[in-house]
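[1] Got a sequence here, can you build the structure:
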Amino acid sequence: MSSGRNDIRLIELKDTISQLNQTIRVQTEMIKDLRKTIEEHHASDEKKDQIISNLQAEISYLKAKLFGASSEKRRKEDLPGQMSLFDELMEEEPAKEIEPEYIEIKAHERKRKKKPDLNEQFRDIPVRQEFVDTLTEEQKTCSICGTKMVEIGHELIRSEVIFTSAKLERVEYIATTYGCPKCKETEEPQFVKDNGVPALLRGSYVSPSLAAHVICQKFMNAMPLYRQEKDWEQLGATITRASMARWIIHCSKTYFQPMYEYFEKQLKKRKFLMMDETRLQVLKEEWRRAQTQSFIWVVRSGEDGLPKIVLYHYTETRAGKHAVGFLDGIKPGYYFMADGYHGYNLLKDGKRCCCYAHIRRYLLEAIPKGHEKDYTDPAVQGVLYCDKLFEYERRYREKGFSPEQKKKRRLKDEKPVIEAFLSWLDAQTPVKGSRLDQAVIYIRNRKDSLMTYLEDGRCSLSNNLSENAIRPITVGRKNWLFCDSVDGANASAI
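    Numbers count the residues shown, from 1 in each chain. Below you'll find the model as predicted:
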């Protein structure tokens, strides 16, 4: 135990040293920039204007992050003539020697979705008919001759959807004992007792339906246990969050763990994977402070056409060795898609694909405010290259291309675009420290993996699928905030 404690402490110290070194590097660069700024106070007006422009761009970026929309989608009406402009940009690049075949993009006309009728909207809800009977006997009597009226027809006047609130019911299971009437007077009377189906959790009142509801509320509806505790009080039952937490952990270890291990084995047989990670706070980790950040990793199957498998994995740190450990036993030569985190570099047996969504995101953030339609701006040009690739991918999906067809079309259509993009990248000389400079550095650090996805049509262009898969963790974290224990964190992941 002492050795394990020292190992974890050593990892924490290494992380702290790494963070301090990074802080020192940032502060050193900041000091250099400040000194340079002071020296440039006596420089030309052009340099002063450039410094002011850079600072204004940074302020605009921070305002946009704080108050602006978070969506990265760009409407076509915001970029009129986008495709023709891209073609002009392509003509200016040296890579134009390769003549790519461009796809004609027709203007998309969005049709208003037809409002569904009640039968379609509630087709999965059972229906019962109720005949209204609100007329008095006097109203059912003919006002002219006094004869009692009879039914002559029925008509549907309206349809309602009735909500029945949840309710709790306590069920007592009574065991029955059976005895042999012939042997009861002998020295060996025979008895048998019907104990029924074993309980979900021995010694507990929890039923499968109650546990399933608690798990569904927390992990599908992101409702923390303390709020569920209040809901049970409204229904007249005292069910504590501690009890619900024990149920989740028990079900995870007893019922879900074997299924998880099976899917883990199946996932390691795949050749195309996607990965991502996000932080998680665990309060009661041995030898660690409650404020220390832990991590949840998602590893899922890629776009290989097989049934998808999505698994989550809890670790105490973000060290890349955890990704290596999770994929231990997988055959070399697989492809994996991940973001720019350097910890994935430890996966030496796999071929890494670069996420163009991250590249596009960096370039979008580098566009100065008000320059979204300025095609002379380098950041806008870079975004257009990425948009071209995503447009090709969308067309391939619409046409239902097989992986082999997609590979051939990518080599024909997308490879020239990437070559032109690299030529554009080599020509960039952004102002040091600017958003464009950060984007250019990010892309240049990933030049070796920009074309990896062209090797197989089942490789992905972006890591959006794994980011979508990890979103339930980030949404849930905003509600339930943390996990109390390591067992709880593992149960949440499983």
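[2] hmm, what's the outermost residue in the protein?
    Distance from the C-alpha centroid of the chain peaks at Cys145, with 73.3 Å (CA atoms, centre = their mean).
[3] Next, it: secondary structure please.
    Assigned by DSSP: H, G, I helix; E, B strand; the rest coil, the conformation of Cys145 is coil.
[4] Just the pLDDT for it.
    pLDDT for Cys145: 89.
[5] Likewise for Pro116?
    75.
[6] wait, is it part of a helix?
    No: looking at Pro116 with three-state DSSP, it is coil, so not inside a helix.
[7] residues contacting it?
    Shown in contact with Pro116 (CB atoms under 8 Å, 6 or more residues apart in numbering): no residues. Glycine gets a C-beta too; all of them are placed from N, C-alpha and C.
[8] Roughly how far does it sit from Arg123?
    Distance, Pro116 to Arg123, by CB to CB, to the nearest Å: 9 Å.
[9] So, low pLDDT: which residues of the stretch 1-150 of the chain?
    Along the stretch 1-150 of the chain, the model assigns pLDDT under 70 to residues 1-9, 37-58, 60-111.
[10] 80 instead, please
    1-16, 18-20, 22-23, 26-27, 29-30, 32-119 (pLDDT under 80).
[11] same question, the stretch 351-494 of the chain
    For the stretch 351-494 of the chain (pLDDT under 80), the answer is 479-481.
[12] can we see that at 70?
    For the stretch 351-494 of the chain, no range has pLDDT under 70.
[13] Show me the strands in this structure, by range?
    Applying DSSP state E to the chain gives strands spanning 176-179, 191-194, 272-284, 293-301, 310-315, 335-337, 351-353, 483-485.
[14] ok, the residue farthest from the centre of the chain to Glu137 distance?
    Distance, Cys145 to Glu137, using CB to CB: 16 Å.
[15] quick revisit: now the strands of the chain as JSON lines including mean neighbour count and distance to Gln428?
    As requested, those are arranged in JSON lines below (neighbours: other CB atoms under 10 Å; distance: least, CB to CB, whole Å):
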{"stretch": "strand 176-179", "mean neighbour count": "10", "distance to Gln428": "82"}
{"stretch": "strand 191-194", "mean neighbour count": "10", "distance to Gln428": "79"}
{"stretch": "strand 272-284", "mean neighbour count": "21", "distance to Gln428": "28"}
{"stretch": "strand 293-301", "mean neighbour count": "21", "distance to Gln428": "33"}
{"stretch": "strand 310-315", "mean neighbour count": "19", "distance to Gln428": "37"}
{"stretch": "strand 335-337", "mean neighbour count": "25", "distance to Gln428": "25"}
{"stretch": "strand 351-353", "mean neighbour count": "21", "distance to Gln428": "23"}
{"stretch": "strand 483-485", "mean neighbour count": "18", "distance to Gln428": "44"}
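[16] which one of the ones you listed lies closest to Val26?
    Proximity to Val26, assessed across these by CB to CB, is greatest for strand 293-301 (19.4 Å).
[17] give me every residue that touches the nearest residue to Gly382 once chain neighbours are set aside.
    Using CB to CB, 6 or more residues apart in numbering and skipping residues adjacent in sequence, the residue nearest Gly382 is Leu363, 4.2 Å away. When contacts are counted by CB under 8 Å, 6+ apart, Leu363 touches 379, 382-383, 386, 436, 439.
[18] Quick check: the farthest pair among these?
    So, the contacts of Leu363 by CB to CB: farthest apart are Cys386 and Leu436, at 14.4 Å.
[19] I figured Asp194 hits Ala175, correct?
    Yes: under the criterion of CB atoms under 8 Å, Asp194 makes contact with Ala175 at 5.9 Å.
[20] With distance to Arg25 added, can I get the strands of the chain in a markdown table?
    Shown next, in a markdown table, are the strands of the chain (distance: least, CB to CB, whole Å):
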| stretch | distance to Arg25 |
| --- | --- |
| strand 176-179 | 75 |
| strand 191-194 | 72 |
| strand 272-284 | 22 |
| strand 293-301 | 21 |
| strand 310-315 | 26 |
| strand 335-337 | 29 |
| strand 351-353 | 25 |
| strand 483-485 | 33 |
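[21] quick one: which of the ones you listed is nearest Arg158?
    With CB to CB as the measure, strand 310-315 is the member of the strands of the chain nearest Arg158 (43.4 Å).
[22] May I have the closest one exported as CSV, CA atoms only?
    Output of strand 310-315 as CSV, limited to C-alpha atoms (Å, rounded to 0.1, in the frame of the first residue of the first chain):
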residue,chain,number,x,y,z
VAL,A,310,-19.0,3.1,-26.7
LEU,A,311,-17.2,2.5,-23.5
TYR,A,312,-16.2,4.9,-20.7
HIS,A,313,-13.3,4.5,-18.3
TYR,A,314,-12.3,6.3,-15.1
THR,A,315,-8.7,7.1,-14.2
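[23] Give me the sheet partners of that strand and which way each runs.
    Its sheet considered, strand 310-315 pairs with strand 293-301 (antiparallel) by DSSP bridges.
[24] what does the strand it pairs with rub up against?
    By CB under 8 Å, 6+ apart, strand 293-301 touches 267, 270, 272-282, 285, 307-318, 322-323, 326-327, 465-466, 469-470, 473, 489, 492-493.
[25] what angle separates that strand from strand 272-284?
    Here strand 293-301 runs at an angle of 160 degrees relative to strand 272-284 (axes from the mean of the first three to the mean of the last three CA atoms, to 10 degrees).
[26] how far does strand 293-301 sit from the chain's center?
    The chain centroid and the centroid of strand 293-301 are separated by 10 Å under CA atoms, centre = their mean, to the nearest Å.
[27] Tyr178: what's it in contact with?
    Applying CB under 8 Å, 6+ apart to Tyr178 gives the contacts 191-194.
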